[in-house]
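Peer 1: The following comprises the amino acid sequence and a computationally predicted model.
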Protein chains: 2
Amino acid sequence: MTNTKAKLADLSDPLKIFQARFELPDNVIYLDGNSLGALPKTVKQRVAKTISEEWGEQLIRSWNTADWVHLPQRVGNKIARLIGAPEGSVVAADSTSINLFKVLSAALGLNAGRGKIVSEKENFPTDLYIAEGVAKQLGKGHQLVLADRPDDIPQMLDSDVAVLMLTHVNYRTGYRHDMAAITRAAHEKGILVVWDLAHSAGAMPVDLTGANADFAIGCGYKYLNGGPGAPAFLYVNPRHQGAFNQPLSGWFGHRSPFNFETGYVPSEGIEQYLCGTPQVLGMVALDEALSVWDDVDMEALRDKSIALGDYFIEGIDAFSAEYGLELVTPREAEKRGSQVSYSCENGYAIMQALIARGVIGDFRAPDIIRFGFTPLYLSFADVEKAIAILQDVLKTRSWDSDAYRVLGAVT
Amino acid sequence: MTNTKAKLADLSDPLKIFQARFELPDNVIYLDGNSLGALPKTVKQRVAKTISEEWGEQLIRSWNTADWVHLPQRVGNKIARLIGAPEGSVVAADSTSINLFKVLSAALGLNAGRGKIVSEKENFPTDLYIAEGVAKQLGKGHQLVLADRPDDIPQMLDSDVAVLMLTHVNYRTGYRHDMAAITRAAHEKGILVVWDLAHSAGAMPVDLTGANADFAIGCGYKYLNGGPGAPAFLYVNPRHQGAFNQPLSGWFGHRSPFNFETGYVPSEGIEQYLCGTPQVLGMVALDEALSVWDDVDMEALRDKSIALGDYFIEGIDAFSAEYGLELVTPREAEKRGSQVSYSCENGYAIMQALIARGVIGDFRAPDIIRFGFTPLYLSFADVEKAIAILQDVLKTRSWDSDAYRVLGAVT
């Protein structure tokens, strides 16, 4: 039974109307929208139309008649509005990893002569792997230097650092960097900054222009709800567009792809960061999912995100010590994204037991249980129920079962 | 009215039954399946199920329960059977351009110390652009050397060539290379060979193992009918797997992606050629489209492909000289793929007039009209009608209209 506090919070929630725009299964409290966003109701019909009418009936003609050819720019411009970027500075394309390869290569090219890439040990692994890959292929001895903790970063910024590459909100801890302050500090040393917005685009207002960020990348399938493996996006500050050619120089980045010229002449605009033929089905699903955002007040979104997180943290406070749950997310709202994580023994089994009870969060090795709060489709009543079920799972030790011990794949 | 010859050919066509497995619009003769394959009937339902049930209801759990996580390998193994590759040597992923970047980087790494990449001036442009991009980023002065004509290639193979990069069937002329002979000649000089199968996978039997090819890439949306911008594929000869790390080192190529380790340790198998999170919707559509191939006799496919092409060429022979159509595709069946192209003045306008009459082929700059023959869903009666309509368009000069002069995007 929902208590008065949760009821009141839901009653005065200005974003409540958005829940009806998502398909959510019965008897599930979905706290994993930071891993795979829920399904916006209109996506199924839109994709079906693209398959039946655009592909099935119009066939090849749809590249023009349905303007498939400009989907990367159209979808990019929709995302731009959510991350404080101007028209023509964002494209949707490929995966987050591949987009990072592009912008990191460009940033290192623009800051040639410097030998270091700075990031964090706790950054999402694929970002670090890609940085390794870029550095190795360039063969110029770039060193990847990793901070142990966010606070160590400022002192690592020296005049030999070419690029600072950070994820705005940490995938495990939910720690949120001060984008503007760090970018400013980096620029003072002539360092270019690449921001990974995987856990912030669609989770809070982001202001790339205000922060004067150089490059950004992000994910289409988390808070943007574009569907599993949705196209990712990338941002290039207009002042860097045309200044360096990223190396994944496929035909969609060519100035005139349909002239079929032998030599590569890059587009001077953001299109230069495209590579091969766009993945139309995924792009259309993401495009449709983004239409939900037309009416979302991003400040209200952030307010609700913080309130949901606070509500959860305070609820867990009542029994966390008893069961050895340690909050690894900053308690201070300003310093966290839209998720709350705890480290705890038997975290994997506990999460499996929660999932069996309909509370879907996820586990991140070695010992983190993670709960994402997506303000568009979660209510305070949901959070209250999740707290109660977690408490019950811990109290009854229902996680202590062989069924919950085998580590499976989780993304 | 269909003449006796076409009727008889259709009556004895062993692949006739496959046409019913595709959605094809009325009053259209689709000769552009080499650009975007037609829609297999079951794809719409399969994608709808993935959206509603796997994404909408099961949400994040589908990475395991629907085994989304292994889609690249599962789909890759289905393609492997069509191109003479063993299990575990093919993955579906990303775009053709990006996959070329991976395998070309690997091939150059395996053949370090050699300075040249050989290809053809007439290769599909994105392949040449990607080679430029790889060479530039490596910064080791690799030279891209381009043959004017296929016959010039053998004499260009010397001991300074690291990689020979060719498209098996040319996208404009339909010229088909002798894969086994060229690969053998290259290997004799210690050269690694990368084959682009964009216009051969699903168009004819391909035998990568028999030819002892080193690497191959190809397209999911042409003869494989995976839908617009479908995931592409890549093949790595088992002897090269694990021998060199391709540079797009995203988390899906890691030995243990879900351990979230800080350092990149590549998988030793074909998975190392994956990068970011797979695009599930496109992958599922391609997976479903590939199920059509379970019952296809690839030798019968090639026989019909040749017969359709012969039928078309012979039909056009009757009036090609009169209207200045010059066959640029080899007349000899052994030397062509599954398309027939003509160069002609006003080619763009002629193609637009044909499309307006329901005969969909395409135009390739500067002066090529191109007709693709997809044996699974084309009949000899279709080809006969296409010939008659082309003759009529030329005879009545119906192409000579302002409506048909503006060059649009064509892929």
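Peer 2: Perfect, I can see it now.
Peer 1: hang on, A:Ala403 is in a helix, isn't it?
Peer 2: Yes - counting by DSSP: H, G, I helix; E, B strand; the rest coil, A:Ala403 is part of a helix.
Peer 1: what's the spacing between it and A:Ala349?
Peer 2: 9 Å (Cβ to Cβ, to the nearest Å). The C-beta positions use only the backbone N, C-alpha and C, and glycine is treated the same way.
Peer 1: Tell me if I'm right that A:Tyr32 and A:Gly361 touch.
Peer 2: In this structure residue A:32 is Asp, not Tyr. Yes - the pair A:Asp32 / A:Gly361 is scored as a contact, 5.7 Å apart, by Cβ atoms under 8 Å.
Peer 1: and the closest residue to A:Ile313 other than its chain neighbours, backbone torsions?
Peer 2: Spatial nearest neighbour of A:Ile313, excluding adjacent residues (Cβ to Cβ, 6 or more residues apart in numbering or on different chains): A:Val340 at 5.9 Å. Torsion angles at A:Val340 (phi, psi; degrees, to the nearest 10) stand at phi -130, psi 130.
Peer 1: For A:Val340, report the pLDDT, please.
Peer 2: Note on A:Val340: pLDDT of 98.
Peer 1: circling back: quickly list what's touching both of A:Asp32 and A:Gly361.
Peer 2: A:Gly372 (Cβ atoms under 8 Å, 6 or more residues apart in numbering or on different chains).
Peer 1: Which elements pack onto the host helix or strand of A:Lys78?
Peer 2: Using DSSP states H and E, A:Lys78 sits within helix A:71-80. Other elements packing on helix A:71-80 under the criterion 3 or more Cβ pairs under 8 Å, 6 or more residues apart in numbering or on different chains; DSSP states H and E are strand A:90-93, strand A:232-236, helix A:280-290.
Peer 1: That helix vs strand A:232-236, what angle?
Peer 2: 80 degrees (axes from the mean of the first three to the mean of the last three Cα atoms, to 10 degrees).
Peer 1: mean confidence for helix A:71-80?
Peer 2: 98.
Peer 1: In that helix, which residues are buried?
Peer 2: By neighbour count on 16 or more other Cβ atoms under 10 Å in any protein chain shown, the buried set for helix A:71-80 is A:71-80.
Peer 1: cool, and stretch A:379-398?
Peer 2: A:379-387, A:389-391, A:393-394, A:398.
Peer 1: Keeping just the C-alphas, turn that stretch into PDB.
Peer 2: Extracted in PDB, the C-alpha atoms of stretch A:379-398 (Å, rounded to 0.1, in the frame of the first residue of the first chain):
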ATOM      1  CA  SER A 379       6.300   7.000 -10.100                       C
ATOM      2  CA  PHE A 380       7.100   7.600  -6.500                       C
ATOM      3  CA  ALA A 381       4.800   4.700  -5.700                       C
ATOM      4  CA  ASP A 382       7.000   2.500  -7.900                       C
ATOM      5  CA  VAL A 383      10.000   3.500  -5.900                       C
ATOM      6  CA  GLU A 384       8.300   2.900  -2.600                       C
ATOM      7  CA  LYS A 385       7.300  -0.600  -3.700                       C
ATOM      8  CA  ALA A 386      10.900  -1.300  -4.800                       C
ATOM      9  CA  ILE A 387      12.200  -0.300  -1.400                       C
ATOM     10  CA  ALA A 388       9.800  -2.600   0.300                       C
ATOM     11  CA  ILE A 389      10.600  -5.500  -1.900                       C
ATOM     12  CA  LEU A 390      14.300  -5.000  -1.500                       C
ATOM     13  CA  GLN A 391      13.900  -4.900   2.300                       C
ATOM     14  CA  ASP A 392      11.900  -8.100   2.200                       C
ATOM     15  CA  VAL A 393      14.400  -9.900  -0.100                       C
ATOM     16  CA  LEU A 394      17.200  -9.000   2.400                       C
ATOM     17  CA  LYS A 395      15.100  -9.800   5.500                       C
ATOM     18  CA  THR A 396      14.000 -13.200   4.200                       C
ATOM     19  CA  ARG A 397      17.300 -14.000   2.500                       C
ATOM     20  CA  SER A 398      15.300 -15.100  -0.500                       C
END
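Peer 1: Run through who's touching it.
Peer 2: A:2-3, A:5-7, A:9-10, A:13, A:16, A:19, A:29, A:31, A:307-308, A:311-312, A:315-316, A:318-319, A:322-323, A:325, A:350, A:353-354, A:357-359, A:371, A:373, A:399.
Peer 1: of those residues, buried ones?
Peer 2: Buried among the contacts of stretch A:379-398 (16+ other Cβ under 10 Å): A:6, A:9-10, A:13, A:16, A:19, A:29, A:31, A:307-308, A:311-312, A:315-316, A:323, A:325, A:350, A:353-354, A:357, A:359, A:371, A:373, A:399.
Peer 1: Give me the neighbour count for A:His177.
Peer 2: A:His177: 20 surrounding residues under other Cβ atoms under 10 Å in any protein chain shown.
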